[in-house]
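K.L.:
how does the following fold in three dimensions:
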Amino acid sequence: MSYRAEYARSIDNPSAFWGEKAAALNWFKAPQQILGKDANGVDRWFADGELNTAYLALDVHVEQGRGDQAALIFDSPVTGTKRQFSYRELRDQVARFAGVLRTQGVARGDRVLIYMPMIPEAVIAMLAVARLGAVHSVVFGGFAAPELAVRIDDASPKVIVTASCGIEISKVIPYKPLLDEALVRAQHSPAACVVLQRPEVAAELQSGRDLDWQQAMATATPADCVPVRATDPLYILYTSGTTGKPKGVVRDNGGHAVALKYSMQAIYNMNPGDVFWAASDVGWVVGHSYIVYGPLLAGCTTLVYEGKPVRTPDAGAFWRVCAEYRVKALFAAPTAFRAIKKEDPEGALLKQHDLSTLQTIFMAGERLDPPTYHWTREVTGLPVVDHWWQTESGWAICANPTGLEMLAPKPGSSTVPVPGYNVQILGPEGDELPAGEQGILALKLPLPPGCLPTIWGDFERFQSGYLSDYPGYYSSGDGGYKDEDGYVFIMGRTDDVINVAGHRLSTGEMEEIVAAHPAVAECAVIGVQDELKGQQPVGLVLLKDGVELDEAELEAELVARVREVIGAVACFKRAVVVQRLPKTRSGKILRKLLRQIADGQDYSVPSTIDDPASLAEIEAILARRALVG
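P.N.:
This next block holds a predicted model:
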């Protein structure tokens with residue numbers, strides 16, 4: 001079926017559409033009520049259905065005769081370790097660890113917090129929690145103790161699962177001291193902590209509370225799958241950049257399983273036995289959806305990679321992994337490809353690897369700037385698919401639906417709304433805007449399966465944060481527009497629109513122009529307070545490796561480029577070369593923090609920052625250029 005026919009069916013009759021997709025799953029009790037409302041008046045999918053997500057991800061494939069197929073490949077260039085698990089082996093490990101958790105009292109509805117690096121045991125722990133009908137909350141390994149503590153208090157886990165350490169490019173990070181400090185700070189105390197001892201660091205175990213993973217597994221009795229309602233929570237995931245009270249996005253079991261299985265074919269064109277690699281981390285939503293659940297629900301082989309796109313050992317790391325494991329689809333954030341481009345701008349390392357099985361490269365997690373799109377397309381010769389989604393949605397809102405129909409790409413666009421998502425561009429008063437006009441990206445209710453139904457323990461926060469601005473719509477917080485063909489262009493968070501002398505301008509559009517300069521590897525454009533014009537745009541520019549030029553000349557060239565494309569109204573007059581840009585660990589540039597620095601405001605360093613030292617560098621450079629307010 002063509003994309004447009006499929007999309008029309010999903011919008012015109014969502015109950016019939018999603019009822020058909022739900023029939024592809026092996027339910028314990030098939031749902032009869034496809035779409036209804038809960039006590040809060042929120043749309044809920046498959047409320048009377050019963051299932052178990054771990055059963056659908058593992059046991060079903062073994063029962064269907066594919067138990068010997070590879071389910072999970074682990075590749076760790078930072079430790080030199082490689083391992084593979086068949087579906088049968090992974091199911092058995094998950095069932096045994098579920099037995100460990102059951103011995104500690106974990107039952108349906110209980111929470112288990114997982115604080116681990118990118119290793120197979122993190123995936124095993126997630127699926128074991130799901131097997132018991134419990135709720136996991138994965139916290140990015142290495143998170144600081146204060147942030148870990150507030151997540152412990154919010155989720156109140158019965159058990160915490162951790163590892164003795166995580167490993168970065170040049171350092172080993174002991175996790176247990178961070179967890180111990182977090183437990184001192186937290187009000188809530190778990191019944192037990194299960195600790196995986198890694199060879200690089202031996203963690204000190206607390207008697208009476210801490211269990212050794214290997215010892216516990218040696219004596220555990222495997223646990224069976226526990227049926228849960230489709231509307232029961234599968235996991236809580238705290239959104240990055242949280243300060244104060246954490247915001248835990250809740251994902252249910254039924255809608256999540258239906259949506260992710262559908263997405264693997266419709267969006268990513270993946271079939272059972274294909275190898276899918278989401279180069280992310282299980283601490284992020286991409287890791288939940290497309291390292292763990294999506295590929296396994298679809299019967300694919302998934303990859304767990306403990307490394308970086310560069311310096312493990314070089315900028316050819318991604319291409320080596322794709323060639324070695326015959327990856328069909330690669331999914332990573334644009335920042336990963338910008339890092340590769342910076343260190344290997346001609347793509348010389350790519351030519352050393354056989355990428356004949358790689359068919360498509362997908363990018364999401366931040367706006368894909370056209371220069372990065374074009375570079376990746378040119379060096380690989382492969383289709384590059386930009387798609388847009390959020391932690392809250394759990395899967396793509398807009399994409400090129402490659403499994404339905406490969407549409408002609410438009411650089412800068414995440415293509416079209418995915419079936420199930422009624423995407424509208426709204427004006428300030430909630431009116432739907434015509435093609436070409438920028439506004440708020442909003443989703444007309446009902447949201448499709450897989451999207452969040454609430455915030456953990458705080459429905460009012462969910463309602464006020466997402467449903468109150470435009471009644472009848474979910475407000476995404478992102479701005480953009482649709483063109484005359486229905487393609488959606490995401491221009492960034494709504495606070496990335498600046499007001500220059502009364503003109504509302506997109507910093508995303510300016511970034512496109514700046515990033516297109518051949519010397520520029522990456523950039524961020526921010527609005528700095530200005531007494532005369534309200535705000536003035538300033539470009540922070542990261543150069544490609546090996547580029548040497550006069551900074552004043554570069555600034556003049558960039559100013560001329562922006563003026564040529566947008567016009568003098570942009571008032572773009574300052575461009576500053578920096579050595580690095582402050583980012584979250586998932587690769588998002590911390591633009592709000594940059595604005596606060598430039599405006600001379602007090603700011604707090606978020607727990608999700610990858611390199612805190614980058615902030616001091618930026619502050620010093622802006623002060624030297626007299627750009628700090």
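K.L.:
how is the chain carved up into domains?
P.N.:
With domains defined by automatic domain parsing, the chain comprises 3-307+387-480, 501-624.
K.L.:
give me the distance between the two termini of the longest one.
P.N.:
Right, the one you point to is domain 3-307+387-480. 22 Å (C-alpha to C-alpha, to the nearest Å).
K.L.:
average pLDDT across it?
P.N.:
Domain 3-307+387-480 carries an average pLDDT of 95.
K.L.:
got it, and stretch 334-351?
P.N.:
On average, stretch 334-351 scores 93.
K.L.:
that one: which residues count as buried?
P.N.:
Neighbour-count burial for stretch 334-351, counted by 16 or more other C-beta atoms under 10 Å, picks out 334-345, 347, 349-350. Glycine gets a C-beta too; all of them are placed from N, C-alpha and C.
K.L.:
check stretch 272-292 too.
P.N.:
Neighbour-count burial for stretch 272-292 flags 274-292 (criterion: 16+ other C-beta under 10 Å).
K.L.:
equivalent analysis for stretch 172-182, please.
P.N.:
So for stretch 172-182, counting by 16+ other C-beta under 10 Å, buried means 174-176, 178-180, 182.
K.L.:
which elements pack onto the helix of greatest length in the chain?
P.N.:
In the chain, taking DSSP state H as the definition, the longest helix is helix 87-103. Applying 3 or more C-beta pairs under 8 Å, 6 or more residues apart in numbering; DSSP states H and E, one finds that helix 87-103 contacts helix 60-63, strand 70-76, helix 120-131, helix 213-219.
K.L.:
kindly recompute the last result at 10 Å.
P.N.:
helix 53-54, helix 60-63, strand 70-76, strand 81-86, helix 120-131, strand 159-163, strand 192-196, helix 213-219 (3 or more C-beta pairs under 10 Å, 6 or more residues apart in numbering; DSSP states H and E).
K.L.:
deepest-packed of these, please.
P.N.:
helix 53-54 (a mean of 29; mean count of other C-beta atoms under 10 Å).
K.L.:
helices or strands next to that helix in the packing?
P.N.:
Using 3+ C-beta pairs under 10 Å, 6+ apart, helix 53-54 is in contact with helix 87-103, helix 120-131, strand 233-238, helix 254-266, helix 294-297.
K.L.:
nearest to F462, of those?
P.N.:
When the helices and strands packed on helix 53-54 are compared by C-beta to C-beta, strand 233-238 sits nearest F462, at 12.7 Å.
K.L.:
so for this structure, the centremost residue is which one?
P.N.:
In the chain, the centroid-proximal residue (C-alpha atoms, centre = their mean) is V286; its distance is 3.6 Å.
K.L.:
which residue packs closest to that one, ignoring adjacent ones?
P.N.:
S280 (3.9 Å; C-beta to C-beta, 6 or more residues apart in numbering).
K.L.:
stretch 236-254: end-to-end distance?
P.N.:
With C-alpha to C-alpha, one end of stretch 236-254 sits 15 Å from the other.
K.L.:
ok, now stretch 281-298?
P.N.:
For stretch 281-298, the end-to-end distance is 20 Å (C-alpha to C-alpha).
K.L.:
per-residue pLDDT, the closest residue to V605 other than its chain neighbours?
P.N.:
Once flanking residues are discounted, V605 sits nearest to P612: 5.5 Å by C-beta to C-beta, 6+ apart. pLDDT recorded at P612 is 81.
K.L.:
distance to T402 for the helices and strands packed on helix 87-103 - can I get that in TSV?
P.N.:
Output for these, formatted as TSV (distance: least, C-beta to C-beta, whole Å):
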stretch	distance to T402
helix 53-54	25
helix 60-63	23
strand 70-76	23
strand 81-86	27
helix 120-131	25
strand 159-163	36
strand 192-196	37
helix 213-219	39
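K.L.:
looking at these, which is closest to E619?
P.N.:
strand 159-163 (34.3 Å).
K.L.:
returning to what we had before: nearest to G457, of the buried residues of stretch 334-351?
P.N.:
Among the buried residues of stretch 334-351, and counting by C-beta to C-beta, the member closest to G457 is T335, at 32.1 Å.
K.L.:
next SSE after the helix or strand encompassing the closest one?
P.N.:
Per DSSP states H and E: T335 is located in helix 334-343. Later in the chain than helix 334-343, the nearest helix or strand by DSSP H and E is strand 360-363.
K.L.:
which strands and helices lie in contact with that following strand?
P.N.:
Using 3+ C-beta pairs under 10 Å, 6+ apart: strand 360-363 touches strand 329-332, helix 334-343, helix 370-380, strand 384-386.
K.L.:
paired strands for that strand, with orientation please.
P.N.:
strand 329-332 (parallel), strand 384-386 (parallel) (DSSP bridges).
K.L.:
mean neighbour count and distance to R625 added to these, as TSV?
P.N.:
TSV is the format used below for the strands paired with strand 360-363 (neighbours: other C-beta atoms under 10 Å; distance: least, C-beta to C-beta, whole Å):
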stretch	mean neighbour count	distance to R625
strand 329-332	25	33
strand 384-386	25	33
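K.L.:
and those strands as TSV, adding distance to V418?
P.N.:
Listed next are these as TSV, based on distance: least, C-beta to C-beta, whole Å:
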stretch	distance to V418
strand 329-332	15
strand 384-386	12
